[in-house]
Structure formats: structure tokens, C-alpha cells
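J.: Here is my input, please return the structure:
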Amino acid sequence: MNTEIKNAIQAADSEAQYDESAKRLLAQKYVLAHILVRTVEEFQGMEIEKVVSLIEGDPYISKIPVASGLTNKDRKVEGKRIVGLNTEAGERNEGLVRFDIIFYVRMRNGLAQMIINVEAQKDEPGSYQILNRAIFYVSRLISSQKERDFVKSNYNDIKTVYSIWVCMNMPENSMCHIHLTKEDLLGKHNWKGNLNLLNIVMIGLTNALPQRHNEYGLHRLLSAMFSSELSQQQKMKIMEQEYHIPMEESFKEEVSIMCNLSQGIKEAGIAEGREAGIAEGREAGIAEGKQREIEKVILNMHKKGYSLEQIMDATDLEAAELETKIGRASCRERV
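T.: The predicted structure follows:
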């Protein structure tokens, strides 16, 4: 097989695995607690251990569909209709775009809840504006609560939601909070309601590890976790000694997987190869044989259960183009 195609295949598969490992690492409760303390006003100033205790159950990782009508699922319990998050991974839902990480966390009073979504991006996408996607996600977090978290017209029961986006390979370290504000155009009537229900937090990470400084505390933690330059021991030292994250075996294993995948990508020159090879192929027009090889790889990833979103992230192709390639490869396979 052509070396260029091999590089493209390795890149797609390795980066998809890297993405999944990154999500599992981000979904560790101590990591989530550090993110919440730095991004959500409700938890600012709280002890990390306390925030960890407020996170309910295990976060859902790449399980909950984003699409309207599929986020929730009805079931019958003792004859009563119960609506909950749709955690089924059946074939009918295969290929759907899913929230990376989603979980409930209790507020300081221990009673009220909010819903948190965390999304990991290897860079800022070029095919669409990322804020538009974040707005769509946070809107779904609100609208999907109907019949699950509130019923009929009990809109006062809507839970506050946060969609937190961690974007790597950015030109500068940054963080911003996007939320609703009120602007009086005529008069100053006090309309009743909670403007704090809908929140987006965008976190930008450069490739460089920030120095120890309170302002960049969260960025240093996340940069260390995803660094391709630090060894496994260096990463764990920062997380354990600076952020007091318990190094349980499952956590160590996840860090090890991340390091191995990252090193494999680096040694093979996959990042450069994919960027240069695929870009060059697009410009020059990839030969039919190469196109078929790439389409076959994409189809195999689809069969393995990778979502369209994961394949999009790994190949830098848009959804419509991916669906066309999957369709062509499927037709050839049936012939």
C-alpha cells in the first residue's frame, strides 16, 4: 500500500483513539472538579474534594446523542413512564453525533442540580464556526430537559447548564464565559426569570506548558495532560504534586495510553503527513485508487463504531463528504 495512504490510515485511527482517551481522562472526577472550580461561579473557592463529592454518578462519555428527539429515552418502571438520558448504544443510533462528556452536579446547597457538558477539540475547526456549534449544544442541554427534568409548563424547574469547550493547539491561552445579558431598549421593567440558565465557556490551550501561576492554573493542568512533549512520569508528577489528583491505577493507565498514542503519532510524523499529504492530495486531485483506499478506511472506522464527529475530527472532512465516501465504499463492498 502507498506510504501516503498508510500515513492517512494511521492518522485517522490513532487520532480517533487519542480523542477517546482524551475524553476519558477529562471525565475523571478530580479533573472535572478542577474545571468546575475555575469556570463555574457556583464552585469558585470550593475545595476540590467537596466538588468531587457533588458530581453525581459516573459522567457519560460519548453516549448521549445530541440530535433532537434522541437525547432522552422513555421507559416504564412499575407501570409509570420515566424519562431519562438515552444511554443506549444500539445500531439504530450508530454514527450519531454525541456529547463528549455530560453529567449532573449538585450545587452548594446539596439539593439543586446543574447539567455540565465538556467538549474536547484538537483545534479550532475550519469548516464551521465553533461558537455556533457550542450554542447548538447548550440549547439542546436546555430543550432536552422537557419531560426529563421538568414537565408540562413548569419552566421554573429548568436546570442551569454549562457547555465547556477545551480547544487545543490555539495561538494563545484564553478563557471566556458566554451567557445571556439583559439590555433595556425602552423602560426598565423587571422581567422575571433566570438569565444564568445558559452558559458557554471556551478554553483555549497553546502547545506550550504555562509556568506555575494562579491565573493559568487550569491551563497548566490541561496542557500537561495533553502534552506530547512531557513523559508519563512528568505528567503524573504535575497532576499529583501540584493539583493533588490521586493517582489511582485506572488514572495512571489512561495517562499511559495518552502518552503512547501521542508518541506514536509524533514518531510516525502523522500530524505532518496527514496535513501535507491530504492537503496536497486535495489540491492535485487524488487518484481513483487512493480515493478508494481512503474511503475503505473511513468505512471501517464507521463499522468499528466511531461516530461521524470523531471521523470528522480525525480526517478534517465535513459530514456530507464523509457520508458520501461511506456510501460509495458500502456500494463497492456489496458488489
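J.: OK, contacts around residue 230?
T.: If you count contacts by Cβ atoms under 8 Å, 6 or more residues apart in numbering, residue 230 has them with 209, 224, 238. To be clear about C-beta, it is placed using only N, CA and C from the backbone, and glycine gets the same treatment.
J.: Out of those, which is nearest to residue 304?
T.: residue 224 (30.0 Å; Cβ to Cβ).
J.: my guess is that closest one meets residue 238, correct?
T.: Yes - counting by Cβ atoms under 8 Å, residue 224 touches residue 238, with 4.4 Å between them.
J.: Report the next helix or strand after the least confident helix or strand in the chain by mean pLDDT in sequence order.
T.: When each helix and strand of the chain is scored by mean pLDDT, DSSP states H and E, helix 270-284 comes last, with a mean of 54. As assigned by DSSP states H and E, the chain's next helix or strand after helix 270-284 is helix 288-303.
J.: Which other helices and strands does that following helix contact?
T.: helix 3-26, helix 308-315, helix 319-334 (3 or more Cβ pairs under 8 Å, 6 or more residues apart in numbering; DSSP states H and E).
J.: Mean pLDDT lowest where, among the ones you listed?
T.: Among the helices and strands packed on helix 288-303, helix 3-26 carries the lowest mean pLDDT, at a mean of 64.
J.: Do you have the strands of the protein handy? List them.
T.: 60-61, 72-77, 80-85, 101-106, 113-121, 160-167, 174-179, 198-204 (DSSP state E).
J.: which outside residues touch the shortest one?
T.: In other words, strand 60-61. Contacts to strand 60-61, defined as Cβ under 8 Å, 6+ apart, come from residues 23, 24, 27, 85, 87, 99, 100, 101, 102, 103.
J.: now the strands of the chain as CSV including distance to residue 332, mean pLDDT and mean neighbour count?
T.: Below are the strands of the chain laid out as CSV (distance: least, Cβ to Cβ, whole Å; pLDDT from 0 to 100; neighbours: other Cβ atoms under 10 Å):
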stretch, distance to residue 332, mean pLDDT, mean neighbour count
strand 60-61, 33, 90, 18
strand 72-77, 35, 62, 12
strand 80-85, 37, 61, 12
strand 101-106, 36, 95, 21
strand 113-121, 32, 95, 22
strand 160-167, 37, 96, 23
strand 174-179, 45, 97, 13
strand 198-204, 41, 97, 21
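J.: Quick one: these as a markdown table, columns for distance to residue 152 too.
T.: Output for those, formatted as a markdown table (distance: least, Cβ to Cβ, whole Å):
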| stretch | distance to residue 152 |
| --- | --- |
| strand 60-61 | 26 |
| strand 72-77 | 16 |
| strand 80-85 | 13 |
| strand 101-106 | 21 |
| strand 113-121 | 19 |
| strand 160-167 | 20 |
| strand 174-179 | 27 |
| strand 198-204 | 21 |
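J.: now for the contacts of strand 60-61, which pair is the farthest apart?
T.: 24 and 85, at 18.4 Å, using Cβ to Cβ across these.
J.: Quick check: closest non-adjacent residue to residue 135.
T.: Among residues not flanking residue 135 along the chain, residue 200 sits closest, at 6.9 Å (Cβ to Cβ, 6 or more residues apart in numbering).
J.: My read is that the one you found contacts residue 180, right?
T.: No - between residue 200 and residue 180 there is no contact under Cβ under 8 Å: 10.4 Å.
J.: Show the end-to-end separation of stretch 148-167, please.
T.: With Cα to Cα, to the nearest Å as the measure, stretch 148-167 spans 30 Å from end to end.
J.: what's that stretch in contact with?
T.: Residues external to stretch 148-167 that are found in contact with it (Cβ under 8 Å, 6+ apart): 26, 35, 39-40, 72, 83-85, 112-121, 123-124, 130, 134, 137-138, 141-142, 145, 194, 196-205, 222.
J.: next one: it to chain centre, how far?
T.: Centre-to-centre, stretch 148-167 and its host chain are 18 Å apart (Cα atoms, centre = their mean, to the nearest Å).
J.: about what we covered before: could you list every residue that touches the residue nearest to residue 135?
T.: Residue 200 touches 131, 134, 135, 138, 162, 163, 164, 165, 177, 178, 179, counting by Cβ under 8 Å, 6+ apart.
J.: swap in residue 145?
T.: Applying Cβ under 8 Å, 6+ apart, the residues near residue 145 are 115, 158, 159.
J.: count of neighbours near the last one?
T.: Read it as residue 159. Around residue 159 there are 17 other residues, counting by other Cβ atoms under 10 Å.
J.: now do the second one
T.: Look at residue 158: counted by other Cβ under 10 Å, it has 18 neighbours.
J.: Model confidence for residue 190, exactly?
T.: Note on residue 190: pLDDT of 94.
J.: where does the stretch 151-300 of the chain dip in pLDDT?
T.: Along the stretch 151-300 of the chain, segments meeting pLDDT under 70 span 250, 258-289.
J.: Mind doing that once more with 50?
T.: Along the stretch 151-300 of the chain, segments meeting pLDDT under 50 span 268, 270-271, 286.
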